[in-house]
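Student: sequence isn't available, so here's the structure alone:
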(Lines give C-alpha, C1' and ligand atoms only; values in the text may rest on other atoms or scores of the structure.)
Protein backbone atom coordinates (compact mmCIF):
# COMPACT_ATOMS: atom_id res chain seq x y z
CA UNK A 1 0.00 0.00 0.00
CA UNK A 2 2.84 2.43 0.94
CA UNK A 3 4.70 1.50 -2.23
CA UNK A 4 1.60 2.23 -4.29
CA UNK A 5 1.30 5.70 -2.71
CA UNK A 6 4.95 6.39 -3.51
CA UNK A 7 4.40 5.35 -7.12
CA UNK A 8 1.54 7.86 -7.40
CA UNK A 9 4.00 10.68 -6.71
CA UNK A 10 6.50 9.36 -9.24
CA UNK A 11 4.07 9.14 -12.17
CA UNK A 12 3.52 12.68 -13.42
CA UNK A 13 0.38 11.89 -15.46
CA UNK A 14 -1.38 10.20 -12.55
CA UNK A 15 -0.32 12.99 -10.19
CA UNK A 16 -1.76 15.59 -12.57
CA UNK A 17 -5.02 13.64 -12.85
CA UNK A 18 -5.40 13.48 -9.07
CA UNK A 19 -4.62 17.19 -8.67
CA UNK A 20 -7.09 18.03 -11.43
CA UNK A 21 -9.76 15.95 -9.66
CA UNK A 22 -9.15 17.75 -6.35
CA UNK A 23 -9.28 21.10 -8.16
CA UNK A 24 -12.66 20.32 -9.73
CA UNK A 25 -14.05 19.13 -6.38
CA UNK A 26 -12.85 22.36 -4.74
CA UNK A 27 -14.69 24.34 -7.42
CA UNK A 28 -17.81 22.29 -6.64
CA UNK A 29 -17.54 22.96 -2.92
CA UNK A 30 -17.09 26.70 -3.55
CA UNK A 31 -20.26 26.69 -5.70
CA UNK A 32 -22.17 25.01 -2.86
CA UNK A 33 -21.54 28.12 -0.74
CA UNK A 34 -22.79 30.64 -3.35
CA UNK A 35 -26.40 31.52 -2.43
CA UNK A 36 -29.07 31.78 -5.13
CA UNK A 37 -29.93 35.46 -5.87
CA UNK A 38 -32.99 36.84 -4.09
CA UNK A 39 -32.91 34.34 -1.20
CA UNK A 40 -32.67 34.88 2.56
CA UNK A 41 -30.37 31.99 3.59
CA UNK A 42 -31.11 32.31 7.32
CA UNK A 43 -34.81 31.52 6.79
CA UNK A 44 -33.93 28.47 4.67
CA UNK A 45 -31.46 27.20 7.26
CA UNK A 46 -33.99 27.48 10.09
CA UNK A 47 -36.53 25.60 7.95
CA UNK A 48 -34.20 22.64 7.41
CA UNK A 49 -33.53 22.44 11.13
CA UNK A 50 -37.27 21.76 11.59
CA UNK A 51 -37.80 19.15 8.82
CA UNK A 52 -35.26 16.54 9.82
CA UNK A 53 -36.31 13.00 8.84
CA UNK A 54 -38.11 13.88 5.61
CA UNK A 55 -37.25 13.54 1.93
CA UNK A 56 -35.30 16.80 2.19
CA UNK A 57 -32.58 14.92 4.10
CA UNK A 58 -31.86 12.69 1.10
CA UNK A 59 -31.83 15.61 -1.32
CA UNK A 60 -29.61 17.61 1.00
CA UNK A 61 -27.12 14.73 1.29
CA UNK A 62 -26.87 14.30 -2.49
CA UNK A 63 -26.46 18.05 -2.97
CA UNK A 64 -23.62 18.17 -0.47
CA UNK A 65 -25.54 20.49 1.85
CA UNK A 66 -26.21 22.97 -0.98
CA UNK A 67 -29.99 22.58 -0.68
CA UNK A 68 -29.86 23.57 2.99
CA UNK A 69 -28.26 26.87 1.97
CA UNK A 70 -30.24 27.03 -1.30
CA UNK A 71 -27.06 27.73 -3.22
CA UNK A 72 -26.68 27.74 -7.01
CA UNK A 73 -26.01 23.97 -6.74
CA UNK A 74 -29.16 23.35 -4.66
CA UNK A 75 -30.60 20.78 -7.10
CA UNK A 76 -27.28 18.96 -7.09
CA UNK A 77 -26.78 16.10 -9.50
CA UNK A 78 -30.14 14.48 -8.70
CA UNK A 79 -31.82 15.58 -12.00
CA UNK A 80 -29.03 13.85 -13.94
CA UNK A 81 -29.31 10.71 -11.82
CA UNK A 82 -33.09 10.70 -12.27
CA UNK A 83 -32.79 11.16 -16.04
CA UNK A 84 -30.23 8.35 -16.28
CA UNK A 85 -32.42 5.96 -14.28
CA UNK A 86 -35.47 6.90 -16.40
CA UNK A 87 -33.62 6.03 -19.61
CA UNK A 88 -32.39 2.76 -18.08
CA UNK A 89 -36.00 1.84 -17.34
CA UNK A 90 -37.14 2.96 -20.79
CA UNK A 91 -34.62 0.67 -22.52
CA UNK A 92 -36.65 -2.25 -21.16
CA UNK A 93 -39.99 -0.82 -22.31
CA UNK A 94 -39.11 0.81 -25.66
CA UNK A 95 -37.61 -1.61 -28.26
CA UNK A 96 -35.91 1.23 -30.18
CA UNK A 97 -33.92 2.26 -27.11
CA UNK A 98 -33.03 -1.37 -26.39
CA UNK A 99 -31.73 -1.79 -29.95
CA UNK A 100 -29.78 1.46 -29.62
CA UNK A 101 -28.18 0.23 -26.40
CA UNK A 102 -27.06 -2.98 -28.11
CA UNK A 103 -25.21 -1.00 -30.78
CA UNK A 104 -22.36 -0.51 -28.36
CA UNK A 105 -20.42 2.68 -27.69
CA UNK A 106 -22.12 4.81 -30.34
CA UNK A 107 -25.59 3.85 -29.16
CA UNK A 108 -24.67 4.52 -25.54
CA UNK A 109 -23.36 7.97 -26.51
CA UNK A 110 -26.72 8.76 -28.09
CA UNK A 111 -28.60 7.64 -24.97
CA UNK A 112 -26.25 9.72 -22.79
CA UNK A 113 -26.94 12.76 -24.97
CA UNK A 114 -30.68 12.33 -24.55
CA UNK A 115 -30.13 11.90 -20.80
CA UNK A 116 -28.42 15.31 -20.71
CA UNK A 117 -31.34 16.94 -22.50
CA UNK A 118 -33.75 15.28 -20.05
CA UNK A 119 -31.58 16.53 -17.17
CA UNK A 120 -32.03 20.15 -18.30
CA UNK A 121 -35.81 19.67 -18.63
CA UNK A 122 -36.07 18.08 -15.16
CA UNK A 123 -33.89 20.79 -13.62
CA UNK A 124 -36.04 23.57 -15.15
CA UNK A 125 -39.20 21.89 -13.84
CA UNK A 126 -37.77 21.33 -10.35
CA UNK A 127 -36.39 24.87 -10.26
CA UNK A 128 -39.83 26.27 -11.11
CA UNK A 129 -41.52 24.20 -8.40
CA UNK A 130 -38.87 25.22 -5.88
CA UNK A 131 -39.33 28.92 -6.71
CA UNK A 132 -43.10 28.59 -6.22
CA UNK A 133 -42.59 26.84 -2.89
CA UNK A 134 -40.27 29.62 -1.78
CA UNK A 135 -42.73 32.35 -2.78
CA UNK A 136 -45.70 30.73 -1.03
CA UNK A 137 -43.79 30.61 2.25
CA UNK A 138 -43.49 26.81 2.48
CA UNK A 139 -39.81 27.22 3.34
CA UNK A 140 -40.62 29.93 5.85
CA UNK A 141 -41.91 33.47 5.69
CA UNK A 142 -39.46 35.97 4.23
CA UNK A 143 -37.40 33.40 2.29
CA UNK A 144 -37.79 35.44 -0.94
CA UNK A 145 -36.65 39.06 -0.94
CA UNK A 146 -38.43 40.16 -4.14
CA UNK A 147 -41.12 37.67 -5.32
CA UNK A 148 -42.50 37.64 -8.84
CA UNK A 149 -41.87 36.17 -12.28
CA UNK A 150 -38.42 37.74 -12.43
CA UNK A 151 -37.46 35.76 -9.30
CA UNK A 152 -38.98 32.55 -10.68
CA UNK A 153 -37.15 32.80 -14.01
CA UNK A 154 -33.91 33.77 -12.31
CA UNK A 155 -34.20 30.81 -9.91
CA UNK A 156 -35.02 28.36 -12.73
CA UNK A 157 -32.07 29.48 -14.86
CA UNK A 158 -29.66 29.66 -11.92
CA UNK A 159 -30.45 26.22 -10.52
CA UNK A 160 -30.54 24.60 -13.98
CA UNK A 161 -27.20 26.18 -14.85
CA UNK A 162 -25.81 24.90 -11.55
CA UNK A 163 -26.92 21.34 -12.32
CA UNK A 164 -25.51 21.55 -15.86
CA UNK A 165 -22.22 22.85 -14.47
CA UNK A 166 -22.01 19.97 -11.97
CA UNK A 167 -22.72 17.54 -14.81
CA UNK A 168 -19.88 19.14 -16.81
CA UNK A 169 -17.56 18.94 -13.78
CA UNK A 170 -18.31 15.23 -13.44
CA UNK A 171 -17.56 14.60 -17.12
CA UNK A 172 -14.28 16.54 -16.86
CA UNK A 173 -13.23 14.45 -13.85
CA UNK A 174 -14.10 11.28 -15.77
CA UNK A 175 -12.12 12.30 -18.86
CA UNK A 176 -9.19 14.26 -17.41
CA UNK A 177 -9.20 13.11 -13.79
CA UNK A 178 -9.17 9.68 -12.18
CA UNK A 179 -12.66 8.70 -13.41
CA UNK A 180 -16.08 8.21 -11.76
CA UNK A 181 -16.75 11.95 -11.95
CA UNK A 182 -20.43 12.00 -10.97
CA UNK A 183 -19.84 9.48 -8.19
CA UNK A 184 -16.95 11.51 -6.79
CA UNK A 185 -19.11 14.65 -6.75
CA UNK A 186 -21.73 12.82 -4.64
CA UNK A 187 -18.96 11.28 -2.50
CA UNK A 188 -17.43 14.68 -1.73
CA UNK A 189 -20.84 16.04 -0.78
CA UNK A 190 -21.33 13.26 1.75
CA UNK A 191 -17.92 13.20 3.44
CA UNK A 192 -17.89 16.98 3.86
CA UNK A 193 -20.35 16.52 6.73
CA UNK A 194 -18.06 14.18 8.69
CA UNK A 195 -16.04 16.92 10.49
CA UNK A 196 -19.20 18.65 11.71
CA UNK A 197 -20.56 15.30 12.93
CA UNK A 198 -17.35 14.60 14.85
CA UNK A 199 -17.48 18.11 16.30
CA UNK A 200 -21.07 17.55 17.48
CA UNK A 201 -20.04 14.26 19.08
CA UNK A 202 -17.13 15.99 20.86
CA UNK A 203 -19.53 18.62 22.21
CA UNK A 204 -21.84 15.89 23.53
CA UNK A 205 -18.91 14.18 25.26
CA UNK A 206 -17.78 17.51 26.73
CA UNK A 207 -21.26 18.14 28.18
CA UNK A 208 -21.52 14.56 29.55
CA UNK A 209 -24.43 13.67 27.24
CA UNK A 210 -22.32 10.91 25.69
CA UNK A 211 -19.58 9.01 27.52
CA UNK A 212 -16.10 8.31 26.16
CA UNK A 213 -16.66 4.55 26.49
CA UNK A 214 -19.84 4.79 24.43
CA UNK A 215 -17.96 6.79 21.79
CA UNK A 216 -15.19 4.15 21.63
CA UNK A 217 -17.75 1.35 21.29
CA UNK A 218 -19.56 3.34 18.62
CA UNK A 219 -16.39 3.88 16.57
CA UNK A 220 -15.51 0.20 16.92
CA UNK A 221 -18.97 -0.75 15.69
CA UNK A 222 -18.72 1.66 12.72
CA UNK A 223 -15.29 0.26 11.75
CA UNK A 224 -16.69 -3.28 11.90
CA UNK A 225 -19.62 -2.27 9.69
CA UNK A 226 -17.24 -0.59 7.23
CA UNK A 227 -15.16 -3.76 7.05
CA UNK A 228 -18.27 -5.85 6.39
CA UNK A 229 -19.49 -3.48 3.68
CA UNK A 230 -16.09 -3.50 1.94
CA UNK A 231 -15.98 -7.31 2.10
CA UNK A 232 -19.45 -7.73 0.58
CA UNK A 233 -19.03 -4.97 -2.04
CA UNK A 234 -15.93 -6.74 -3.36
CA UNK A 235 -17.67 -10.10 -3.33
CA UNK A 236 -18.43 -11.83 -6.63
CA UNK A 237 -19.92 -15.06 -7.89
CA UNK A 238 -17.89 -16.03 -10.94
CA UNK A 239 -19.61 -18.31 -13.45
CA UNK A 240 -16.99 -20.32 -15.43
CA UNK A 241 -17.22 -20.10 -19.23
CA UNK A 242 -15.34 -22.55 -21.46
CA UNK A 243 -14.35 -21.31 -24.92
CA UNK A 244 -14.03 -23.93 -27.62
CA UNK A 245 -11.14 -23.99 -30.07
CA UNK A 246 -12.09 -22.29 -33.34
CA UNK A 247 -10.60 -22.50 -36.83
CA UNK A 248 -10.74 -19.24 -38.81
CA UNK A 249 -9.12 -19.75 -42.22
CA UNK A 250 -5.63 -21.06 -41.53
CA UNK A 251 -5.58 -19.75 -37.99
CA UNK A 252 -6.56 -21.85 -35.01
CA UNK A 253 -7.84 -19.93 -31.99
CA UNK A 254 -6.99 -21.77 -28.80
CA UNK A 255 -9.86 -22.26 -26.38
CA UNK A 256 -9.66 -21.43 -22.70
CA UNK A 257 -11.53 -20.73 -19.51
CA UNK A 258 -12.92 -17.32 -18.54
CA UNK A 259 -15.43 -16.14 -15.96
CA UNK A 260 -18.61 -14.10 -15.97
CA UNK A 261 -18.60 -12.14 -12.67
CA UNK A 262 -21.82 -11.40 -10.81
CA UNK A 263 -21.59 -8.91 -7.96
CA UNK A 264 -23.31 -9.67 -4.67
CA UNK A 265 -24.82 -6.17 -4.68
CA UNK A 266 -25.59 -5.70 -8.36
CA UNK A 267 -28.22 -2.99 -7.81
CA UNK A 268 -25.89 -0.76 -5.75
CA UNK A 269 -27.54 2.10 -3.84
CA UNK A 270 -30.57 2.49 -6.14
CA UNK A 271 -32.94 0.28 -4.02
CA UNK A 272 -32.50 2.18 -0.72
CA UNK A 273 -32.82 5.51 -2.54
CA UNK A 274 -36.11 4.45 -4.14
CA UNK A 275 -37.41 2.89 -0.91
CA UNK A 276 -36.49 5.94 1.19
CA UNK A 277 -38.08 8.30 -1.32
CA UNK A 278 -41.37 6.38 -1.27
CA UNK A 279 -41.53 6.21 2.53
CA UNK A 280 -40.47 9.80 3.12
CA UNK A 281 -42.90 11.21 0.57
CA UNK A 282 -45.88 11.14 3.02
CA UNK A 283 -43.66 12.73 5.70
CA UNK A 284 -42.75 15.52 3.30
CA UNK A 285 -46.40 16.11 2.40
CA UNK A 286 -47.23 16.22 6.09
CA UNK A 287 -44.83 19.13 6.55
CA UNK A 288 -46.98 21.26 4.20
CA UNK A 289 -50.42 19.97 5.23
CA UNK A 290 -52.67 20.89 8.14
CA UNK A 291 -54.98 17.87 7.76
CA UNK A 292 -55.41 16.14 11.15
CA UNK A 293 -56.20 12.83 9.41
CA UNK A 294 -52.91 12.89 7.50
CA UNK A 295 -51.00 13.89 10.61
CA UNK A 296 -52.59 11.04 12.58
CA UNK A 297 -51.71 8.55 9.81
CA UNK A 298 -48.09 9.74 9.80
CA UNK A 299 -47.83 9.58 13.59
CA UNK A 300 -49.35 6.06 13.73
CA UNK A 301 -47.80 4.34 10.70
CA UNK A 302 -44.88 6.44 9.37
CA UNK A 303 -42.73 6.61 12.48
CA UNK A 304 -39.17 5.44 11.62
CA UNK A 305 -38.87 3.79 15.02
CA UNK A 306 -42.00 1.69 14.45
CA UNK A 307 -41.36 -2.01 13.55
CA UNK A 308 -44.04 -1.96 10.83
CA UNK A 309 -42.38 1.01 9.13
CA UNK A 310 -39.00 -0.75 9.12
CA UNK A 311 -40.57 -3.99 7.87
CA UNK A 312 -42.08 -2.13 4.90
CA UNK A 313 -38.73 -0.42 4.32
CA UNK A 314 -36.91 -3.77 4.18
CA UNK A 315 -39.58 -5.19 1.85
CA UNK A 316 -39.25 -2.24 -0.54
CA UNK A 317 -35.45 -2.58 -0.60
CA UNK A 318 -35.68 -6.28 -1.46
CA UNK A 319 -38.26 -5.56 -4.19
CA UNK A 320 -36.17 -2.81 -5.80
CA UNK A 321 -33.02 -4.97 -5.60
CA UNK A 322 -34.70 -7.63 -7.73
CA UNK A 323 -36.36 -5.05 -9.98
CA UNK A 324 -33.20 -3.08 -10.76
CA UNK A 325 -31.03 -6.19 -11.11
CA UNK A 326 -33.48 -7.53 -13.70
CA UNK A 327 -33.03 -4.28 -15.65
CA UNK A 328 -29.23 -4.25 -15.44
CA UNK A 329 -28.61 -7.93 -16.27
CA UNK A 330 -30.73 -9.86 -18.77
CA UNK A 331 -29.86 -13.61 -18.59
CA UNK A 332 -31.19 -14.20 -22.12
CA UNK A 333 -28.88 -11.53 -23.58
CA UNK A 334 -25.94 -12.87 -21.59
CA UNK A 335 -26.63 -16.39 -22.84
CA UNK A 336 -26.79 -15.19 -26.46
CA UNK A 337 -23.51 -13.30 -26.11
CA UNK A 338 -21.76 -16.33 -24.61
CA UNK A 339 -23.01 -18.49 -27.47
CA UNK A 340 -22.09 -15.86 -30.08
CA UNK A 341 -18.45 -15.85 -28.96
CA UNK A 342 -18.21 -19.63 -28.97
CA UNK A 343 -18.42 -20.18 -25.24
CA UNK A 344 -20.48 -22.36 -22.93
CA UNK A 345 -20.89 -23.06 -19.23
CA UNK A 346 -19.46 -26.51 -18.39
CA UNK A 347 -22.27 -28.97 -17.76
CA UNK A 348 -24.96 -26.57 -19.06
CA UNK A 349 -26.44 -26.63 -22.56
CA UNK A 350 -26.07 -23.41 -24.57
CA UNK A 351 -29.17 -21.28 -25.18
CA UNK A 352 -32.23 -21.56 -22.96
CA UNK A 353 -30.60 -23.81 -20.32
CA UNK A 354 -27.72 -21.35 -19.95
CA UNK A 355 -30.15 -18.44 -19.48
CA UNK A 356 -32.08 -20.44 -16.85
CA UNK A 357 -28.85 -21.30 -15.01
CA UNK A 358 -27.69 -17.67 -14.95
CA UNK A 359 -31.14 -16.52 -13.82
CA UNK A 360 -31.17 -19.09 -11.00
CA UNK A 361 -27.71 -18.08 -9.77
CA UNK A 362 -28.55 -14.38 -10.10
CA UNK A 363 -31.80 -14.76 -8.13
CA UNK A 364 -30.06 -16.44 -5.20
CA UNK A 365 -27.23 -13.92 -5.25
CA UNK A 366 -29.68 -11.01 -5.40
CA UNK A 367 -31.46 -12.28 -2.29
CA UNK A 368 -28.16 -12.28 -0.39
CA UNK A 369 -27.35 -8.80 -1.70
CA UNK A 370 -30.84 -7.49 -0.87
CA UNK A 371 -30.66 -8.74 2.72
CA UNK A 372 -27.21 -7.20 3.05
CA UNK A 373 -28.38 -3.79 1.74
CA UNK A 374 -31.47 -3.90 3.98
CA UNK A 375 -29.32 -4.72 7.03
CA UNK A 376 -26.94 -1.82 6.35
CA UNK A 377 -29.81 0.62 5.79
CA UNK A 378 -31.64 -0.43 8.95
CA UNK A 379 -28.55 0.33 11.08
CA UNK A 380 -29.46 4.03 11.55
CA UNK A 381 -32.68 2.94 13.27
CA UNK A 382 -30.83 0.55 15.58
CA UNK A 383 -28.23 3.18 16.43
CA UNK A 384 -30.53 6.18 16.72
CA UNK A 385 -33.57 4.63 18.41
CA UNK A 386 -32.43 1.52 20.22
CA UNK A 387 -28.93 2.69 21.25
CA UNK A 388 -29.70 6.45 21.56
CA UNK A 389 -26.88 7.54 19.25
CA UNK A 390 -27.11 11.36 19.05
CA UNK A 391 -26.40 11.71 15.30
CA UNK A 392 -27.53 10.13 12.04
CA UNK A 393 -25.43 7.26 10.63
CA UNK A 394 -26.89 6.77 7.16
CA UNK A 395 -26.75 3.35 5.53
CA UNK A 396 -27.31 4.75 2.02
CA UNK A 397 -24.50 7.28 2.44
CA UNK A 398 -22.24 4.52 3.77
CA UNK A 399 -22.89 2.33 0.72
CA UNK A 400 -22.16 5.25 -1.61
CA UNK A 401 -18.93 6.19 0.15
CA UNK A 402 -17.58 2.64 0.25
CA UNK A 403 -18.60 1.89 -3.35
CA UNK A 404 -17.09 5.09 -4.76
CA UNK A 405 -13.97 4.67 -2.64
CA UNK A 406 -13.38 1.13 -3.93
CA UNK A 407 -14.00 2.21 -7.54
CA UNK A 408 -11.58 5.13 -7.19
CA UNK A 409 -8.88 2.88 -5.74
CA UNK A 410 -9.46 0.53 -8.67
CA UNK A 411 -9.03 3.42 -11.13
CA UNK A 412 -5.76 4.47 -9.51
CA UNK A 413 -4.47 0.89 -9.51
CA UNK A 414 -5.38 0.58 -13.20
CA UNK A 415 -3.32 3.70 -13.99
CA UNK A 416 -0.39 2.35 -11.98
CA UNK A 417 -0.53 -1.04 -13.70
CA UNK A 418 -0.76 0.51 -17.17
CA UNK A 419 2.26 2.75 -16.50
CA UNK A 420 4.29 -0.17 -15.15
CA UNK A 421 3.32 -2.23 -18.20
CA UNK A 422 4.39 0.59 -20.53
CA UNK A 423 7.71 0.83 -18.69
CA UNK A 424 8.23 -2.92 -19.00
CA UNK A 425 7.51 -2.83 -22.75
CA UNK A 426 9.88 0.13 -23.29
CA UNK A 427 12.60 -1.61 -21.28
CA UNK A 428 12.17 -4.78 -23.35
CA UNK A 429 12.49 -2.81 -26.58
CA UNK A 430 15.65 -1.06 -25.36
CA UNK A 431 17.24 -4.34 -24.33
CA UNK A 432 16.33 -5.81 -27.72
CA UNK A 433 18.04 -2.97 -29.56
CA UNK A 434 21.15 -3.27 -27.39
CA UNK A 435 21.22 -6.99 -28.10
CA UNK A 436 21.38 -6.30 -31.84
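Tutor: Arrived safely, thanks for sending. Computed from a predicted model, the values in this text were never measured in an experiment.
Student: and the chain, what are its domains?
Tutor: The chain breaks down into these domains under automatic domain parsing: 15-192, 235-393.
Student: averaged pLDDT, the first one. What do you get?
Tutor: Taken as a whole, domain 15-192 has a mean pLDDT of 84.
Student: end to end on that domain, go ahead and measure it.
Tutor: 23 Å (C-alpha to C-alpha, to the nearest Å).
Student: hmm, back to that, quick check: which of the domains of the chain is nearest to residue 417?
Tutor: Ranking the domains of the chain by proximity to residue 417 (C-beta to C-beta) places domain 15-192 first, at 13.8 Å. Glycine gets a C-beta too; all of them are placed from N, C-alpha and C.
Student: still on that earlier bit, as CSV, the domains of the chain with distance to residue 200 and mean neighbour count would be great.
Tutor: Written out in CSV, the entries for these read as follows (distance: least, C-beta to C-beta, whole Å; neighbours: other C-beta atoms under 10 Å):
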stretch, distance to residue 200, mean neighbour count
domain 15-192, 13, 18
domain 235-393, 6, 16
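Student: closest to residue 405 out of those?
Tutor: Taking C-beta to C-beta, domain 15-192 is the member of the domains of the chain nearest to residue 405, at 7.3 Å.
Student: how far off centre is the closest one?
Tutor: Offset of domain 15-192 from its chain centre (C-alpha atoms, centre = their mean, to the nearest Å): 13 Å.
Student: if we can go back for a sec, now render the domains of the chain as JSON lines, adding distance to residue 206.
Tutor: Below are the domains of the chain laid out as JSON lines (distance: least, C-beta to C-beta, whole Å):
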{"stretch": "domain 15-192", "distance to residue 206": "21"}
{"stretch": "domain 235-393", "distance to residue 206": "13"}
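Student: let me know which of these is the nearest to residue 415.
Tutor: Comparing the domains of the chain by C-beta to C-beta, domain 15-192 comes nearest, at 7.3 Å.
Student: before we move on, the earlier item: out of the domains of the chain, which is closest to residue 213?
Tutor: Evaluated over the domains of the chain, closeness to residue 213 peaks at domain 235-393, with 13.1 Å, by C-beta to C-beta.
Student: how far off centre is the closest one?
Tutor: Worked out by C-alpha atoms, centre = their mean, domain 235-393 lies 14 Å from the chain centre.
Student: still on that earlier bit, closest one to residue 418 among the domains of the chain?
Tutor: Nearest to residue 418 among the domains of the chain is domain 15-192 (12.1 Å), distances taken as C-beta to C-beta.
Student: of all the domains of the chain, which lies closest to residue 211?
Tutor: domain 235-393 (11.4 Å).
Student: closest to residue 404 out of the domains of the chain?
Tutor: Nearest of these (C-beta to C-beta): domain 15-192, 4.2 Å.
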